[in-house]
Every structure is written in structure tokens, then in C-alpha cells.
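# Provided below for reference: sequence and predicted model.
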Amino acid sequence: MGADIKALRSRIKSVDSTMHLTRAMGLVASSKIRRANEAMQKTRAYARTLADMTDMLLSCPECAKSPYLRANGERAVLIVVAGDRGLAGGYNANVFRLAAQTAAEQVIPIGRRACDRYGAEPVSSESYTSTQAHALAKSLCTAFREGRCDRVAIAATRYVSMMTQEAYVRQLLPLAVPKDKKSGSALFEPDEMTILEAAIPEYVAGAIMAAVRESFASEVAARRMAMDSAGKNASAMKDDLQLQYNRARQGAITQEITEIVAGSGT
């Protein structure tokens, strides 16, 4: 009985420590949510503007011969965006599962967990910069134009709400002529093809940056929900262990009283 009480006391202490840890991690995630969402909204708007301009350019007949419209071959490059840490529910696992289902000759990871998984030098998703995005976009566009790769895609996480985040794969290159052609009212100087060639690396960089920022917002939201859930589970477990502990103590006290009474009657 004494051994049971000691074991229960040790488990209660362990669960209590877990509760403090999950509460602290939840508070850290909460403190990052507003900043992450603001950064996500800004990069979303920037990427959307670049996409609209690119669609407008691709609608021009002059741009039909762009090498970025080339769609032959199967040599794919996949950018995988994951988190820097775990304890975020299925956030990292969902991206990795989707990436594993996507055929790719080369994988470029962003995020420490992704870098660990694919054996690359660590690149933080939280502190990823536009300079890094532009350098990667320039490299990918050059490889695509030179025929060293045939497709470029990105696996990341879409932020739907605090409760919902969805992993997805999106193709960046080759480009596709929009079905609903944009208005040709804009005037491009010096000409549409020159502007398109200069705009594509910027468009790819904007798409990468937007995906990284949205993935980070998804990560902190997923971690906040996971820590809330873990904290509730730990609290329920502690209550159950405390009840077992109280019953064990009561049983031990009752046994001692019984033994004392029995001893005094002899």
C-alpha cells in the first residue's frame, strides 16, 4: 500500500510538471499568433498582387513563347515547408505525408524539422527572410530556364482558422495561361515579354515567402490548440490520480486504525 501511494505521488508530480510545460508553451504560441497572422496577411496580399500581374502578362499573345510555360519532362523540385519545432499536433506530419506522396527528384526543405528529415543544413521557417526567398527563387528560375528541372512545386500548410490548418502541394512552375484572361488595358514598357521575364522570379519568391509565413501562422495555431488539448488531458489525468491517491491514503489509514484496534483488544 505504501509503495502504491509513493508511486501515485510521483505520477501526480510528473503530470503537474507536464501541465506547467504545456501551459508555458501555449502562452508562447499565443504571444506569437497576432504577429504571425499580420505577417501572413501582408505576404498573402503581396503574392496575390504578383499573381494578378503575372496572369495579366500571360494573357498577352506576346508572352505565349515564354520558357516559363514549357511543360515537358518529369524532373521535379519540391520545396517542403515545415516547422522549427514539434509539439504542434499533426502539423509537421501532415506536410511530410503529403510530400512523400509527391514525386520529386530534389527536395528543398525550409524549417528545422524539414531539414532534419531530409538531411540538409538547418533553415529556420520562423526567421526565413525575403532575401533567402529571392535567392531560392532566382536559383529555381535559372534551373528551369536552362532545362535542369521541369517542374517546381511547394508543399506547405494553409491557414484556414485557429482550429483548422490544411497541408497542400502547389505547382509554381511551369506557369499556366489563365482560363479567364485578364483585361489588356495595362500598358507595359518596354514590352510584355521583358516585363514577364523580370517578374517571374519575383512572383516565385513572393509565393515562397507567402507559403512560409502562412505555414508559420499555421504552426503556432496548431501548437496552441495542441497545448490546450494536452493541458486539459493532463488536468483530467491529475484529477484521476489524485482521486486514486486519496483512496489509497484512506485505505492505508483505515488499515492502520484497524490494526491498532485489533492490537488493543488482545
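Cool, the structure landed. Because the structure is predicted, anything quoted here is derived from the model rather than measured.

# report the central residue of this protein.
What sits nearest the mean C-alpha location of the chain, by Cα atoms, centre = their mean, is residue 215, with 4.0 Å.

# surely that one touches residue 154?
No: the pair residue 215 / residue 154 is not scored as a contact, 9.7 Å apart, by Cβ atoms under 8 Å. In this view, the C-beta of every residue, glycine as well, is placed from N, C-alpha and C.

# overlap in contacts of the two?
Listed as contacting both residue 215 and residue 154 by Cβ atoms under 8 Å, 6 or more residues apart in numbering are residue 81.

# quick check, pLDDT for residue 148.
For residue 148, the model assigns a pLDDT of 92.

# number of residues surrounding the closest residue to it other than its chain neighbours?
Of all residues not flanking residue 148 in the chain, residue 75 sits nearest, at 7.6 Å (Cβ to Cβ, 6 or more residues apart in numbering). By other Cβ atoms under 10 Å, 15 other residues sit near residue 75.

# check residue 233 too.
Residue 233: 14 surrounding residues under other Cβ under 10 Å.

# then residue 194?
If you count neighbours by other Cβ under 10 Å, residue 194 ends up with 12.

# what about it, which helix or strand?
Element membership for residue 194 (DSSP states H and E) is helix 192-264.

# quick one: the strand or helix carrying residue 80 to helix 192-264, angle?
Assigned by DSSP H and E, residue 80 belongs to strand 76-81. Computed by axes from the mean of the first three to the mean of the last three Cα atoms, to 10 degrees, the angle separating strand 76-81 from helix 192-264 equals 50 degrees.

# and the strands in the stretch 51-200 of the chain, which stretches?
Ranges of strands in the stretch 51-200 of the chain, per DSSP state E, counting those that start in this stretch, are 76-81, 106-110, 151-159, 165-173.

# can you list the domain ranges for the protein.
2-13+228-264, 21-225 (automatic domain parsing).

# most packed of these?
Looking across the domains of the chain with neighbours counted as mean count of other Cβ atoms under 10 Å, the highest average goes to domain 21-225: a mean of 18.

# any idea how far residue 120 lies from residue 7?
Distance, residue 120 to residue 7, using Cβ to Cβ, to the nearest Å: 44 Å.

# do the same with residue 76
54 Å.
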